[in-house]
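Student: Structure for the following, please:
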Amino acid sequence: MITHKHIHALCSFCGIFHPQSCKSFCIERCLQHTHTHTHTHTHTLTFQTWSFEFLSTMKISLEISVSLLTTLLATGICLQCERCESATRSCSGPLQTCKEPQSACLTLTVETRVGKTRKVATYKGCTKLEYCPPGPFTITTAPEERIRGNSECCCQDHCNKGALRLPLLSEPNQRWCPPRNLRGSTCTIDDKVFCHGREIYCIYLSGYAAAGSKNETFVRRGCGTQHICTDKLGISGIPGLFLETLMKADCTQANEIDDSDFIELSRN
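Tutor: Residues are numbered from 1 along each chain as shown. Okay, the predicted model is just below:
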């Protein structure tokens, strides 16, 4: 026999998804029940039929809701990301509503050190999932030229707030790579680049970068960590703020230093 307890339990469960429609549905079925049915057997059949109709309706409604939610998440509709850029290790700005096919929020921070000069850039905004670069990483391109960076992609509203932690600049690790950062189309530099910390790969990366209205080519050669050791070519970054296109990449194991290298290594 249907009781108020039964109705309340089923309506409470449905109300998680559609409170108003559930309330109307329960009231309608309750009135039908009390108006015509008096026998226990009939009550049982009515409750079974009502339960089947109720659960079937709820299942269809839930399937539609899940399908719609999945579509929204997949296309990036309604996702909001903080958008900003700065010459520091952090920045904050207004929320940007992502447009299809952008479905992730990206934070990217890169620091370049040449001698005592340090340059930092941070970018935040909406991007495609395939534009999310690997991180964290460090690169040594010469004894006094080092690059470190970190990136993070996430898929929830305003999930890219705050700053990223950059990897530490560690001590030499008894490995080396040929030669340092190349500028121009030709180079005959023969000196070795000594690796640091977790830099156990010799990397070669070339391509071009676009930051705002500035476009420049780059060639980086030296020691690198695992996340920068890649053969995946393509675009990474945030459309409209910073995009880097990797056209060529090569990665091999770094060489171990021998006795003759210790003197040179101690000078660095």
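
Student: per-domain residue ranges of the chain.
Tutor: The chain breaks down by automatic domain parsing into domains covering 4-74, 80-267.

Student: lowest-confidence stretch among the ones you listed?
Tutor: Among those, domain 4-74 carries the lowest mean pLDDT, at a mean of 42.

Student: ranges for the strands of the stretch 51-200 of the chain?
Tutor: For the stretch 51-200 of the chain, applying DSSP state E, counting those that start in this stretch gives strands covering 80-82, 84-86, 95-97, 104-114, 117-127, 137-142, 145-154, 172-177, 193-196.

Student: So for residue 165, which of the ones you listed sits nearest?
Tutor: Taking CB to CB, strand 145-154 is the member of those nearest to residue 165, at 6.6 Å. Using the backbone N, CA and C atoms, a C-beta is placed for each residue, glycine as well.

Student: which residues of the stretch 151-268 of the chain fall in helices?
Tutor: 259-267 (DSSP state H, counting those that start in this stretch).

Student: need the contact list for the residue nearest to residue 118 when sequence neighbours are not counted.
Tutor: For residue 118, ignoring the flanking residues on the chain, the nearest one in space by CB to CB, 6 or more residues apart in numbering is residue 111 at 6.5 Å. When contacts are counted by CB atoms under 8 Å, 6 or more residues apart in numbering, residue 111 touches 89, 118, 119, 120, 147, 148, 149, 166.

Student: Just the buried residues of those residues.
Tutor: The neighbour count (16 or more other CB atoms under 10 Å) marks 89, 120, 147, 148, 149, 166 as buried among the contacts of residue 111.

Student: Looking at these, spot the one nearest residue 82.
Tutor: The nearest one, if we look at these relative to residue 82 and count by CB to CB, is residue 89, at 15.0 Å.

Student: before we move on, back to that, out of the buried ones among the contacts of residue 111, which one sits closest to residue 227?
Tutor: Out of the buried ones among the contacts of residue 111, the member with the shortest distance to residue 227 (by CB to CB) is residue 149, at 9.3 Å.
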